[in-house]
Structure formats: structure tokens, C-alpha cells
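> Please work out how this folds:
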Amino acid sequence: MRFTDGPRMDKDVYIGASPETVWAICTDLPRFGEWSPENRGGEWTDGATGPALGARFLGRQEHPGRGEWETTCTVSTFVPQQELAWALGELDDPGAVWGFSLTPEGDGTRLRQHVQMGPGPSGITEVIKALPDKEERIIERRLREYEAGLSAVLAGIKATAEAEA
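Residues are numbered from 1 along each chain as shown. Model (predicted):
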């Protein structure tokens, strides 16, 4: 797989809590640092106090191979208590798009988290430029990291939501 293919990772989990409870946790940016192996939380910027189409936030990340950095993100999809996605970097040429979708299921909620690389520049494109002959291995490794991260975040949200329910 190559970066131009728009590599994507999706994971989902059933949570024994209402969509309202799960949504409140999914949109609480500072809490992400509690669950994610890379994200250290975030904060709404430019006067935003929560998610809305076009709202911006600053996300903080840390990775053993890259160090620490911050990314400006813009909410690109917003359907309250159903769907939230945000673009990293430029809205019209994001380095990645992350998001959640919530679906009522029985007495709880099916929560899906996804990430798609590109099409715009990001930290991974810098690595690929330096090692173009290893692009497929770089993408595969990053997708494995994404899978571990998505699993950790979903498990954290599940535990938190079910404890609150």
C-alpha cells in the first residue's frame, strides 16, 4: 500500500451506555491523553468550546520516533451524537482525517473510530520522502500503530462510559 492510496484503519466496539453518554466522552478533548498511546489531549481554540462544523482545536501528540508536536485540527463532519470527524492541518488537503461514528445498538452504542492518511503532507510523508524505497513498510507499520491506538482509545472510552452509565 502506498500513501497515495489513502490508507485507512477502522475499529469499533460495543459500549453498554447511551449515545449521549458516549458522545460526551468522545468530544472531551483533554481526556484523550488518558487512553491514547500518542495523543496527549487537546483544547478547543478560536473561541470554540466544543464540536461544531468548522470548529478548530489544537491536538498534542508524542511518538517515540518523532518526539512531541502539536497539530491544528478542524471539525470536518459534525452530526451531534452520531458523527464527528476532524482534519489535521489544512481542511482541503489534510495530513489525515480522524473520526467517530455512533450508532444506537440494543441498550447501548456501537462506537466506530477511523483514521485515513492524507492526502496532504504529514509526519509520515516526511519519513517516506527520506526513505522512498521503504514506503510500503512505513505505511504498514503506521497502520499497526494506528490499530493499537484505536483499540486503546475505544477501550478507554468504553470503560469510562460504562462506569458512568
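> List the buried residues of the helix or strand bottoming out on mean pLDDT in the chain.
Every helix and strand of the chain was ranked by mean pLDDT, DSSP states H and E. The lowest is helix 32-35, at a mean of 87. Buried residues in helix 32-35, counting neighbours by 16 or more other CB atoms under 10 Å, are found at 32, 33, 34, 35. C-beta: built from backbone N, CA, C; applies to glycine.
> I'd like the distance from that helix to the chain centre, please.
Here helix 32-35 is found 11 Å from its chain centre; the criterion is CA atoms, centre = their mean, to the nearest Å.
> mind saving the C-alpha coords of that helix as CSV?
C-alpha atoms of helix 32-35 as CSV (Å, rounded to 0.1, in the frame of the first residue of the first chain):
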residue,chain,number,x,y,z
PHE,A,32,-7.9,11.6,25.0
GLY,A,33,-4.5,11.7,26.7
GLU,A,34,-5.9,9.2,29.3
TRP,A,35,-6.3,6.5,26.7
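> could I get the buried residues of helix 32-35 as JSON lines with distance to residue 48?
Below are the buried residues of helix 32-35 laid out as JSON lines (distance: CB to CB, whole Å):
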{"residue": "32", "distance to residue 48": "16"}
{"residue": "33", "distance to residue 48": "19"}
{"residue": "34", "distance to residue 48": "21"}
{"residue": "35", "distance to residue 48": "22"}
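> Return the member of these nearest to residue 92.
Each of these was scored against residue 92 by CB to CB, and residue 32 proved nearest at 24.8 Å.
> residues touching that closest one, list them.
Contacts for residue 32 (CB atoms under 8 Å, 6 or more residues apart in numbering) come out as 39, 40, 41, 42, 59, 153.
> name the helices or strands packed onto the helix ranked longest in the chain?
Assignment by DSSP state H gives helix 135-164 as the longest helix of the chain. Helix 135-164 sits against strand 8-15, helix 19-26, helix 32-35, strand 108-117, helix 123-130, with contacts defined as 3 or more CB pairs under 8 Å, 6 or more residues apart in numbering; DSSP states H and E.
> so for the longest one, what's the average pLDDT?
What it means is strand 108-117. The average pLDDT within strand 108-117 is 97.
> which residue sits closest to the spatially most central residue of the chain, ignoring its sequence neighbours?
Nearest to the mean C-alpha position of the chain, counting by CA atoms, centre = their mean, stands residue 98 at 3.9 Å. In space, not counting the residues next to it along the chain, residue 98 is nearest to residue 115; the distance is 4.9 Å by CB to CB, 6 or more residues apart in numbering.
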